[in-house]
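Asks: What follows is a predicted protein model with its sequence.
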Amino acid sequence: MRKWFTMCMTLLILSSLLAACGGNSSGTKTNDPAKPADNGTKTTDTKDVEIVFQSWITPNLTVAYYDSLINRFESENPGIKVKRIQPPANEGNPDSYLKSLLASGDFPDVVQNATIQMFVDADALLEIPIDDDIKKINNYEAEMINGKLYNISAIRQPQSLIFYNKKLFAEAGIESTPKTWAELEAAAEKLKAKGITPLLTAGDWTAGFTFSVMTSPDIYKDNKNWYADRFDNKVKFTDPNWIESATYYTNLVKNGYFNKGVLSIDYTAVEQEFLKGNGAMYPMGSWFSAAEANSKKDFEVGVFATPTKDGTQYLLGGENSGGYAVAKMSNHPEAALKFAKFMMLDPEAHKGILQADALFSNLKEPLKWDMSPLQTEIYELLLKNPPMVGHMNNKVGRVPVSGIQDQYNKVAQNILLGDTDVAKNMQSLDEYWDKNNK
């Protein structure tokens, strides 16, 4: 009798624990091995549920920006509550943060700005149905992985840009913006001779970003499938074209053209350094123009495409990337997908993110927003250039191996610390690739 009673109590406790585990709206769930894996197509009641949203906070995309959108979504969708979380500051993307949440079983229902391939490989993301909403997006097919879509985004974001202080250029007698490596080096020498810091960067993710946008255009303009070819071992980071491009960048550092103490400041700080007039050129993506539009300063900012060796203009950037994805094991996939669509495709929300982060609509019927003079210059550059490919951790024919961005950062930081062994630094990228190519 006692044995029977003990068995019943054990079953009761187990049942209670399982019920409690099923109530976590944001965590992942372990599939019963005796049942087929959940394919993400289940439906749930979207009333009285809470979903967890991992937001990406920047100087442009602030807490207040997200909270205002969440408040509007909740008021238009009674019964759905959105809990917002965010990764630590000074990361180039939320990947490390999300990997730790995935490992702990607390993966959010909706994620933003993640490296999609990484979490598809981890079987963490829901396949997005190709419905009439998705068909409003230009070229959404290019973001598919093995014929399936996992990311909702409808933006274009040019990144290989150099912003410049027109007042400092004039003081140094520079009459035209550089188009070639040689012209940029000559401009930097003129600025340095006047006691002006020619180039600004920072020691966090900004270092790897700067290295990538100043070297990659010369490689990818001639091979828009470079990452795909790297997987096939047709190309390497130690090929002569990469060595030459990395040597050019290393010489910029050797010649003292970057700001001193670069590794001691971060992205937010270096942006302010440029806006204070403490440097002439600032390599950064189009989102900087949103901060520039709201700043007070006594000089005008211009922009040009990152120079290449022969002067051929070619922009790198993102198209339909950096958007919103839904957790495959979300307990509330309908609510999560509804929120993800709202954040990118709702007309007011779409226009809001364009203006907040200086992006350009990639809807088939693009939404317009009031651009500043600098943003209009970027838009004209975008119109004059062929379609962009990515760089660093974005697709160049194919998405690179996971975590390559961190290795770019290490290479750039080594160079900024005075390591001039170009072959060794580029070899480290090949070694990282080969080690992580699974």
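Replies: Sure thing, it's come through.
Asks: what sits against Pro87?
Replies: 54, 56, 94, 96-98 (C-beta atoms under 8 Å, 6 or more residues apart in numbering). C-beta here means a position set from N, CA and C on the backbone, and glycine is covered the same way.
Asks: neighbouring contacts of stretch 167-185?
Replies: So stretch 167-185 is contacted by 164, 186-187, 190-191, 193-194, 196, 248, 251-252, 255, 257, 277, 280, 298-300, 302, 304, 307-311, 313 (C-beta under 8 Å, 6+ apart).
Asks: which of the contacts of Pro87 sit farthest apart?
Replies: Trp56 and Ser96 (13.2 Å; C-beta to C-beta).
Asks: Comparing the two, which residue is more hemmed in?
Replies: Trp56 (17 against 14; other C-beta atoms under 10 Å).
Asks: which residue sits closest to that one, ignoring its sequence neighbours?
Replies: With sequence-adjacent residues excluded and distances taken as C-beta to C-beta, 6 or more residues apart in numbering, Trp56 is closest to Asn113, at 4.1 Å.
Asks: any chance you could map the strands in the chain?
Replies: 49-54, 80-85, 110-112, 155-158, 161-165, 281-284, 301-305, 317-319, 324-326, 360-361 (DSSP state E).
Asks: Who are the contact partners of Asp48?
Replies: Counting by C-beta under 8 Å, 6+ apart, Asp48 has contacts Gly79.
Asks: Could you list the domains of the chain?
Replies: 49-157+320-369, 160-314+375-436 (automatic domain parsing).
Asks: could you redo those as CSV and give each row mean pLDDT?
Replies: Formatted as CSV, the domains of the chain follow (pLDDT from 0 to 100):
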stretch, mean pLDDT
domain 49-157+320-369, 93
domain 160-314+375-436, 96
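Asks: re earlier: quick one, which of the contacts of stretch 167-185 are buried?
Replies: Buried residues within the contacts of stretch 167-185, counting neighbours by 16 or more other C-beta atoms under 10 Å: 164, 187, 190-191, 196, 248, 252, 257, 280, 304, 307-308, 313.
Asks: Tell me which stretches of the stretch 201-350 of the chain form helices.
Replies: 205-220, 226-231, 240-254, 267-275, 288-293, 333-345, 347-357 (DSSP state H, counting those that start in this stretch).
Asks: Verify the stated contact: Phe304 with Leu161.
Replies: Yes. Checked against C-beta atoms under 8 Å, the pair Phe304 and Leu161 is within contact range at 7.4 Å.
Asks: shared neighbours of these two, which are they?
Replies: With C-beta under 8 Å, 6+ apart, Phe304 and Leu161 have common neighbours Leu381.
Asks: re earlier: single out the most deeply packed of the helices of the stretch 201-350 of the chain.
Replies: Highest mean neighbour count of the helices of the stretch 201-350 of the chain: helix 205-220, a mean of 24 (counted as mean count of other C-beta atoms under 10 Å).
Asks: can you dump the C-alpha coordinates of it into CSV?
Replies: Presented in CSV, the C-alpha positions along helix 205-220 are these (Å, rounded to 0.1, in the frame of the first residue of the first chain):
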residue,chain,number,x,y,z
TRP,A,205,33.3,45.8,-32.7
THR,A,206,34.0,49.1,-34.5
ALA,A,207,37.6,48.1,-35.0
GLY,A,208,36.7,45.0,-37.0
PHE,A,209,33.9,46.9,-38.9
THR,A,210,36.4,49.6,-39.9
PHE,A,211,38.9,47.1,-41.1
SER,A,212,36.3,45.2,-43.1
VAL,A,213,34.7,48.2,-44.8
MET,A,214,38.0,49.7,-45.8
THR,A,215,39.5,46.4,-47.2
SER,A,216,36.6,44.3,-48.4
PRO,A,217,35.2,46.5,-51.3
ASP,A,218,38.4,45.9,-53.3
ILE,A,219,37.9,42.1,-52.9
TYR,A,220,34.1,41.7,-53.3
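Asks: Was I right to think Met392 contacts Thr206?
Replies: No. With contacts counted by C-beta under 8 Å, Met392 stays clear of Thr206, the gap being 11.7 Å.
Asks: one step back: so can I have TSV of the strands of the chain showing distance to Ala291?
Replies: Listed next are these as TSV, based on distance: least, C-beta to C-beta, whole Å:
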stretch	distance to Ala291
strand 49-54	23
strand 80-85	22
strand 110-112	20
strand 155-158	15
strand 161-165	10
strand 281-284	10
strand 301-305	10
strand 317-319	18
strand 324-326	23
strand 360-361	17
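Asks: The ones you listed: which one's closest to Pro129?
Replies: So among the strands of the chain, strand 324-326 is nearest, using C-beta to C-beta, at 10.8 Å.
Asks: Which elements pack onto the closest one?
Replies: Counting contacts by 3 or more C-beta pairs under 8 Å, 6 or more residues apart in numbering; DSSP states H and E, strand 324-326 is packed against strand 110-112, helix 333-345.
Asks: quick one: strands adjacent to the first one?
Replies: Counting by DSSP bridges, the strands paired with strand 110-112 are strand 49-54 (parallel), strand 324-326 (antiparallel).
Asks: closest to Ile130 out of those?
Replies: Ile130 lies closest to strand 324-326 among the strands paired with strand 110-112, at 14.4 Å (C-beta to C-beta).
Asks: centre of the chain versus the closest one, how much separation?
Replies: Relative to the centre of its chain, strand 324-326 is centred 14 Å away, using C-alpha atoms, centre = their mean, to the nearest Å.
Asks: which residues are contacting that strand?
Replies: With C-beta under 8 Å, 6+ apart as the criterion, strand 324-326 contacts 40, 109-112, 114, 116, 119, 125-126, 128, 150-153, 333, 336-337, 340-341, 343-344.
Asks: and if we set it to 7 Å?
Replies: Residues outside strand 324-326 that contact it (C-beta atoms under 7 Å, 6 or more residues apart in numbering) are 109-112, 114, 116, 125-126, 150-152, 333, 336-337, 340, 343-344.
Asks: same check, this time on stretch 51-62
Replies: 25-26, 63, 66, 80, 82-86, 94, 98, 108-113, 268, 271, 287, 290-291, 332, 335-336, 339, 356-357.
Asks: switch the cut-off to 6 Å
Replies: When contacts are defined by C-beta atoms under 6 Å, 6 or more residues apart in numbering, stretch 51-62 is touched by residues 25-26, 66, 82-86, 108-113, 268, 287, 290-291, 332, 335-336, 356-357.
Asks: Over to stretch 306-322?
Replies: Contact with stretch 306-322 is made by 113, 140, 143, 153, 156-160, 162, 178-181, 184, 213-214, 216-218, 221, 305, 362, 385, 388, 391, 394, as judged by C-beta under 6 Å, 6+ apart.
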